[in-house]
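Participant: A structural model of the following input is requested.
(chains A and B)
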Amino acid sequence: MIELLFIPLIATLFLAIFIKNKKVTWPLFLAVNGYVLYKLYSIYGMWSLSNKFDIGYEILGAKLTLGVSNNPIGWYFAFFSALITFIISIFSLGFNQKSKENVSVIWMLIIFSNLGIFFAQDWVIFFMMWEVMGWTSFFAITNARDKALDGAKYYLALSLIGASLMLIAISLLGAYTGTFAITPSIFGLIQVINSSNKIGIVILLLFLTTFLIKSAAFPFYMWPQKVYAEGPEDYITFMSSVMIKYGIYPMAIFIVPVVGSIDLPKILNTGNILQYVIGYIGAISAVLGTLLAIFQTDMKKLFAYSSVSNMGYILLGFASMTIVGFEGSLFHVVNHMILKAAIFLTLAAVVFRTGESEMHKLGGLVYRMPLTFMTFLLGIIAAAGIPPLNGFGSKWMIIQALMSRKMVVFAIAMIFASTGAFMYLFRALASIFLGQLPDRYKDVKEVPLTMALPMLIMMVLMLLVGVVPGVVMKPLTSALKAVGYNVEVASLTVLEGSLKNATIDLKIVFYMFVAGVIISAIMYLFGNKSETVPQNDNYTGGEYPEEWGVDADRFNYSYAFYQPFKEMFDPLLEAISIDDFFASVGRNFEYMSNEVQALFKRGEGAVLLFSIGVLLLILGGLII
Amino acid sequence: MNSIVFLVVIPLIAAFLSLFLESLNKATMYIVTLFNLIFSLAVLMSGNIPFNVAIGGYRAPFGINFVVTDITIYFLLLVNIAALISITMVKNIKEYQFYSFYFVLLAATNGMVLTGDMFNFYLFTELSTFAIAGLVAYKRDRLSTGAALKFLILSSTASLFSLASIGLIYKTLGTLNFADIAVKLSSLNQASFNLIVILFLSSMLVELKIFPFNLWVVKSYEGSITSVNMFTHGMLGTAGIYGAIRILLIVFPNMYKTNISTVLIILSFMTVLIGEVEALKEKNLVKVLAFSSMAQMGMFMFGLALGSFESIKGALYLVVSNYIAKMVMFIVTKQYSNAVDSKNYNDMKGLGRKYPLLAISFTIAALSLMGMPFFAGFWGKFSIVVSALATGKLASIGISLILIASVVEGVYYLRISHTFFSEKDVNNVNISRVYCLVPFVLAILILAIGIYPSYVEQVVFNIIDEIKNAPDKYINIILSLK
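Facilitator: Residues are numbered from 1 along each chain as shown, chains lettered A, B, ... in the order given. Predicted structure coming up:
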């Protein structure tokens, strides 16, 4: 168990030593990720593995022992994270040949903290690993480039605030429940809350806020777009697919069990207040993420907001507090990991070849980068939740769970967000890969093999999980069973629903699609011959350009794609701009900084302030 | 163990000798500092701690005495190690004044830690103040002279208060011995006690850099050379911390029953807030360190003012973390700013790529100051947070503000670290690799304490134990006949 944590640490040291030599670092990085994946695979089922460290530090009158242990849900998260990380690190091998900076050292440290978070046995070690993730991400995002500093600072400030809240929450939890261990503290906290102690709710909300910050839910939805737009693309792939789930994991193991079993006033006999709080946060994240994604012009920002809305779906699944919703959320975690990694890998490939991430400056790359296009296409189909690819099953389960609990508003929000997703996904497809190829990208080539291979794997994975959801659902349901939830271990292709007659066999769905493909192939083969049209064979306003004395030109409708739609929603978005609020907090701190500094610059005030201090002491000591 | 007096006497003799030694001064400086360090190590190893030395054979309440207990010996070591590390930064200084002042400072700080007498403590504090003022003014430009004057004015005002307080103690209790005061204080009426504590605190808070007594800090850091910065931080600062622990916790523990501790809590979290917020916009790296050291002292004072043993433990961890981390940062700042001939950190771009050991050490130190886990500062922060939340409303508000301030601290420190690593051509810069080693070793020490705090925990436990059992462990030693 312990070697799982130590190998990445030692690898970090080696990577740091060889940082100048790319031929060494990235293969080493890949090898260590492979090792982690293998090791995780081998410890499946051994839930009693654990290690304890006595560091000789005392707190609250007791010796603090830090423990890591193998636990089912942690394993589920860790394994799929490691799988995706491994695939991304194959991609990095090729991707980083050109880059000047080397992010592998810090990235390895993040992988270490990643494993620590998933296998933490008590809140202290959880917190320690959580903090490591915060500051390492700062360095990984900036990657020593100045233009990324603003986004990284924003992220750092948010994650430090989150960590501070969590430190307070952990301290209170330790003081009120008398334990720092995660599982006993769940029962402890439930007892504290049920004995109508308000501090319990405070603790819960502090934890919830921290996890919401990390999972970029409303009102902390701004950091992904700031960070993803500037960070190194391969690391951003990791961040958007894997790291954003770190907030979900503690919610699954801590928030959900607690909220599910406390006595709070119920709303409409369906769920308690906190359930609705989580639900509304999820619903707002889903809708707002979708709306904002629709209006982006930078493709990385677009998919950053798409991540926000996907986090919203997961929260909605949690909010339903049914076992189907819970399973659906955890299933969606993996689905989103796979499809977001696939999409971001293609984006990284596009940036790698063109150096451009503004969508309206791209276009027509489909003939130049066919494999990238295929991966992207499958990725967005999965993201839109269309069978037979993998996004469908989990969304289906979450919506069912919401409907079975009669949380209609949430279900509507989710359906709205999913439908809106079509708009931005299609817009990305149309602007990047379809349309007309600008002259400057005429010589763009398909990516090299090391980068093509992970994309192929991703395509296979998306299809595999889409058709045979059992590859994910089986470990998931066994994990939930091992933790103590009352679930059946899922079969390979059948998804259980919570409504009547809602059980579907994805095999049949797949056959239907295959049949559809065969029919359309027949139509393609025996129908009219297709005609290849030159790129400037178009007409303007129903007129031929030549008749007006102008040359034929290429048109590509990709800027301000959804302008009318944007005008419709602008008032709403202006009203809830959280970004302004956070920015103004930062600005105010800087103004304050100047003002207070002036105090220290002048000399005359010294003795005056000294006397003020003495007066304060006298006031406090003698008079009061 | 009468020879413990050598720790004060030999530097004082060296201070006089330095007038005549000229080129031998530097060697003498190393010899005397090493002597002090080795002597204090020998005392630690000798195993007959705690003991009490009556100067001139007059026994405790009547004569002046030096006391060596657990707290004393650890702080003595800290002061002398700081002295040794700081003087490695002394280069090309010929003037005897500098060495003379240094020896006086060494004697005074050692004396502050050793003495068991209120008036003696005051004398040594004054001595160290004058020495530091002289050392700050050593650069002899407008800024450093102004800084030295500012420090002198403030600390003389403070010493007036201190003297008044000592006079009051002598008038009311008829004794100046720490232990004797502690015994007799219970018979004192509340108002006189409060007055004494207020007067004494106002003088001590100047050295502890607590707002609004800390207006000297920034200028004197900015105006002096690096080794003097390290003297101020490592020697004077540590001795001041010792004074705070000894006098607040052992001589005036009744303070925690009055409102003064509440005022202290407010002042200390204000110090943190103001220090961190100021540092946010600052570009001069030395000034950033000055602001940050104010904030760290505020954090320490917060732990001390809470008064529970848990929080005092946290405060002690913070002392260790801040002590090492600031040392690292001053050395790194000196090397980098000498290399690019500017103290603005934006000019230091790219240096972290050529000399990564220094930049990594700086980053480790910064992370420790931010209270990040796996670094020494975390254990202090954790203890203080836990005990502050258990204390009450005001302390909870205070700790929340401190945590917000530490977010600001994180942002500016990591921005500086990032600047070190960002890209710029620095081929014409040259730093000797030997100087990279000292900060790196110190940084590894921070990491070691952060990962495995057991050894520090042992020391901290001894210190807390002495505070808990102050009457048995401290007072009886002194007042027992010798």
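Participant: Now do the residue in the stretch 101-250 of chain A that chain B sits nearest to, the pLDDT please.
Facilitator: Using Cβ to the nearest Cβ, the single residue of the stretch 101-250 of chain A nearest to chain B is A:M128, 3.4 Å away. Using the backbone N, CA and C atoms, a C-beta is placed for each residue, glycine as well. Looking at A:M128, its pLDDT reads 91.
Participant: A:I186 too?
Facilitator: 90.
Participant: Please point out which parts of the helix or strand it falls within sit buried.
Facilitator: Using DSSP states H and E, A:I186 sits within helix A:182-194. Applying a neighbour-count criterion of 16 or more other Cβ atoms under 10 Å in any protein chain shown, one finds A:I182, A:T183, A:S185, A:I186, A:G188, A:L189, A:I190, A:V192, A:I193 buried in helix A:182-194.
Participant: Which other helices and strands does that helix contact?
Facilitator: helix A:123-142, helix A:149-177, helix A:198-214, helix A:256-261 (3 or more Cβ pairs under 8 Å, 6 or more residues apart in numbering or on different chains; DSSP states H and E).
Participant: okay, the angle between it and helix A:123-142?
Facilitator: On the basis of axes from the mean of the first three to the mean of the last three Cα atoms, to 10 degrees, helix A:182-194 is oriented at 110 degrees to helix A:123-142.
Participant: Can you tell me what sits against helix A:182-194?
Facilitator: Residues from elsewhere that reach helix A:182-194 (Cβ atoms under 8 Å, 6 or more residues apart in numbering or on different chains): A:120-123, A:126, A:173, A:176-179, A:199-201, A:203-204, A:253-254, A:257-258, A:261-264.
Participant: what do you get if the cut-off is 7 Å, keeping everything else the same?
Facilitator: A:120-123, A:126, A:173, A:176-179, A:199-201, A:203-204, A:253-254, A:257-258, A:261-263 (Cβ atoms under 7 Å, 6 or more residues apart in numbering or on different chains).
Participant: likewise stretch A:456-475?
Facilitator: With Cβ under 7 Å, 6+ apart as the criterion, stretch A:456-475 contacts A:76, A:87, A:331, A:334-335, A:338-339, A:341-342, A:345, A:374-375, A:378-379, A:382, A:387-390, A:392-393, A:489-493, A:495, A:506-507, A:510.
Participant: what's the spacing between A:I43 and A:F238?
Facilitator: According to Cβ to Cβ, to the nearest Å, A:I43 stands 22 Å off from A:F238.
Participant: Report the secondary structure element holding residue 227.
Facilitator: The chain I'm using is chain A. Assigned by DSSP H and E, A:V227 falls in helix A:223-230.
Participant: my bad, the chain I had in mind was chain B
Facilitator: Short version: B:S227 belongs to helix B:226-230, going by DSSP H and E.
Participant: Packing partners of that helix?
Facilitator: Here helix B:226-230 is seen to pack against helix B:70-87, helix B:309-340 when contacts are counted using 3 or more Cβ pairs under 7 Å, 6 or more residues apart in numbering or on different chains; DSSP states H and E.
Participant: Quick one: mean pLDDT for the helix or strand just after it?
Facilitator: Next along the chain after helix B:226-230, taking DSSP H and E as the criterion, comes helix B:237-244. Mean pLDDT, helix B:237-244: 90.
Participant: Next, the angle from helix B:237-244 to helix B:309-340.
Facilitator: Relative orientation of helix B:237-244 versus helix B:309-340 (the same axes, to 10 degrees): 160 degrees.
Participant: got the contact list for helix B:237-244?
Facilitator: Residues contacting helix B:237-244 (Cβ under 7 Å, 6+ apart): B:75, B:78-79, B:82, B:109, B:112-113, B:121, B:128, B:204, B:207-208, B:300, B:304, B:319, B:323.
Participant: ok, now stretch B:120-128?
Facilitator: Counting by Cβ under 7 Å, 6+ apart, B:64, B:104-105, B:108-109, B:111-112, B:115, B:159, B:162-163, B:166, B:236, B:239, B:243 sit against stretch B:120-128.
Participant: Please identify the buried residues of that stretch?
Facilitator: By neighbour count on 16+ other Cβ under 10 Å, the buried set for stretch B:120-128 is B:N120, B:F121, B:Y122, B:L123, B:F124, B:T125, B:E126, B:L127, B:S128.
Participant: Restricted to helices, list these.
Facilitator: B:N120, B:F121, B:Y122, B:L123, B:F124, B:T125, B:E126, B:L127, B:S128 (DSSP state H).
Participant: can you tell me how far the last one sits from chain A?
Facilitator: By that I understand B:S128. Distance, B:S128 to chain A, using Cβ to the nearest Cβ, to the nearest Å: 19 Å.
Participant: Which elements pack onto whichever helix or strand A:Y280 is part of?
Facilitator: Secondary structure from DSSP H and E places A:Y280 in helix A:273-294. The contact analysis (3+ Cβ pairs under 7 Å, 6+ apart) places helix A:273-294 against helix A:299-320, helix A:408-432, helix A:563-575.
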